[in-house]
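Peer 1: what's the 3D shape of this:
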Amino acid sequence: MQRNNGNILPDEIGWIVRGQERREGTRLEMRAPFDQSRIGHCWQASWSDAQEAVEAATAGFARSSALGSWERQNILNAVAGRLQSEHERFAQTIMREAGKPITAARAEVDRAILTFRVAAEEATRIGGEVLPLDLIPSAAGRWGISRRFPSGPVLAITPFNFPLNLVAHKLAPAIACGCPVILKPAPQTPLSSWLLVRAILEAGWPTDALAFLPLSNEDTARLVAEDDRIRVVSFTGSERVGWELKALAKKKRVLLELGGNAALIVAGDWPDLEGAAQCAVKGGFGYAGQSCISVQRIYVQQSIFQPFCDALLRRVERLHVGDPALEETDVGPLIRESDAKRVEQWIEEAIDSGATLLAGGKRNGSMVRPTVLTGTYSPMQVRDEEIFGPVIAVEPYEHFGDSIAAVNASRYGLQAGLLTRDAGLIQQAYGALEVGALIVGDAPTWRLDSMPYGGVKDSGEGREGVRYAIEEMTERRLLVMALQASPGR
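Peer 2: Numbers count the residues shown, from 1 in each chain. You can find the predicted model right below:
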């Protein structure tokens, strides 16, 4: 075993099917993004292992779907309790494998605890409704019941940037409604989800209803395309991969949480420019911008543009960039050096095309200094694409409608933020912005784990948030009752 700040991490982890951990197949090395030190090894499962996992999930569906709501609630609460009791171990694991600053890693554990607590409550609320059907004479005496039932085995595919809480957002709703799950974690960050899967199984969830299955992208795509026993595919990740999986899924239900290049609008009536700058910095540079709702574009009314930029740059200069293990670190590494090189290239391309560098722009290994640009325009990649790095573009606007048009001039539409106290502007933005959610008074990065979360356009389809994910993983079924004698008999 390997020790990290007093927390024991296994040197190797295997894939888990039917409650049994197996260490065979392809052995992959895990390295820390910050210093490339070796964390350990993860065994990658094969296509035949995937078939065994699907067989187990198919057989386990009868058992998981038959669990009483109180049983599912108890399991979910037990998992939340386990996360609480091992809080620091999970936080240190996230920090180590994802390069997330330790304070942000602890916040992620808190969010995962909330996700399981909310799921425990929702497990007892999956109800239905009684429908009056006696709307015409021939339907006299008829009534109906509409209820939701679990759809069947779920294939959950998760990204690296929230290796615990985004896994929780797939496993907790599935457990709440009784669906078996096959989890395919991100290859960069399998350890946090491995710990979570073990905690769920030890809490009493049926062993054949949960598999931890690190797979190659090829085998994952094949599973989506070929195995009709999988009823739901829940994917969080890149836009390109998500739509490719959607095309392969055929008749399966597919939930896609994809990319974004989130925008923040700062209206001229906002009274606190220092607070607005802090909101932008926190939303744009948290976890080095590696979030699909990270602030990437800021549109500021011309009358306050320069004082806002001055406040923004002062706060950027105060950010501590470095070792994610240190309490004072605000910005850590990108997940891979290749990603840092890509971000650096996009910055250089923007500058070469006429953008002005206001701060940052330098790379050292997998670290990129928090960067602020202005004078960006389409088709610069920093403007049009999801950069997934610590880069913000800030631009002025004259009329409020211009800022809305600028936000909408994107193929993404996940979340947007708006800083204003003008109710008319809020109403205008809410009706016109092409996004899944508008966050007023804060950055678009704000998310509570119980709220409906998802986007439009290339940002995906469907909604997460525990109750809304349960709806995606269940099917409405109607029972019509005609117990009275029909007229004339």
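
Peer 1: residue 273: neighbouring residues, count only.
Peer 2: As a burial measure, residue 273 scores 18 neighbours (other CB atoms under 10 Å). Glycine gets a C-beta too; all of them are placed from N, C-alpha and C.

Peer 1: and if you look at residue 402?
Peer 2: Neighbour number of residue 402 under other CB under 10 Å is 15.

Peer 1: do residue 278 as well
Peer 2: Counted with other CB under 10 Å, residue 278 comes out at 16.

Peer 1: also residue 196?
Peer 2: 27.

Peer 1: ok, it touching residue 171?
Peer 2: Yes. Judged on CB atoms under 8 Å, residue 196 makes contact with residue 171 at a distance of 7.1 Å.

Peer 1: just for the chain, where's the confidence low?
Peer 2: Applying pLDDT under 70 to the chain flags the ranges 1-8, 485-489.

Peer 1: I'd guess residue 205 is in a helix, am I close?
Peer 2: No. Counting by DSSP: H, G, I helix; E, B strand; the rest coil, residue 205 falls outside a helix, being coil.

Peer 1: how far away is it from residue 177?
Peer 2: Residue 205 is 13 Å from residue 177, where distance means CB to CB, to the nearest Å.

Peer 1: what of residue 253?
Peer 2: Relative to residue 177, and taking CB to CB, residue 253 is found at 13 Å.

Peer 1: can you check residue 312 too?
Peer 2: Using CB to CB, residue 312 is found at 44 Å from residue 177.

Peer 1: now residue 110
Peer 2: 24 Å.

Peer 1: okay, these two: which has more neighbours?
Peer 2: Neighbours were tallied for residue 110 and for residue 177 using other CB under 10 Å; the higher tally belongs to residue 177 (26 against 15).

Peer 1: can you count the residues close to residue 401?
Peer 2: Residue 401 has 12 nearby residues by other CB under 10 Å.

Peer 1: residues in contact with residue 290?
Peer 2: Neighbouring residues of residue 290 by CB atoms under 8 Å, 6 or more residues apart in numbering: 161, 334-335, 388-389.

Peer 1: among those residues, who's most crowded?
Peer 2: residue 334 (27 neighbours).

Peer 1: where do the strands of the stretch 101-250 of the chain begin and end?
Peer 2: Secondary structure of the stretch 101-250 of the chain (DSSP state E, counting those that start in this stretch): strands located at 128-132, 142-150, 154-157, 181-184, 210-212, 232-236.

Peer 1: may I see those strands arranged in CSV, with mean neighbour count as well?
Peer 2: Output for those, formatted as CSV (neighbours: other CB atoms under 10 Å):
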stretch, mean neighbour count
strand 128-132, 11
strand 142-150, 16
strand 154-157, 27
strand 181-184, 27
strand 210-212, 28
strand 232-236, 25
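
Peer 1: which phi and psi does residue 21 have?
Peer 2: Main-chain dihedrals, residue 21, degrees, to the nearest 10: phi -90, psi 130.

Peer 1: would you mind measuring from it to residue 73?
Peer 2: Residue 21 is 27 Å from residue 73, by CB to CB.
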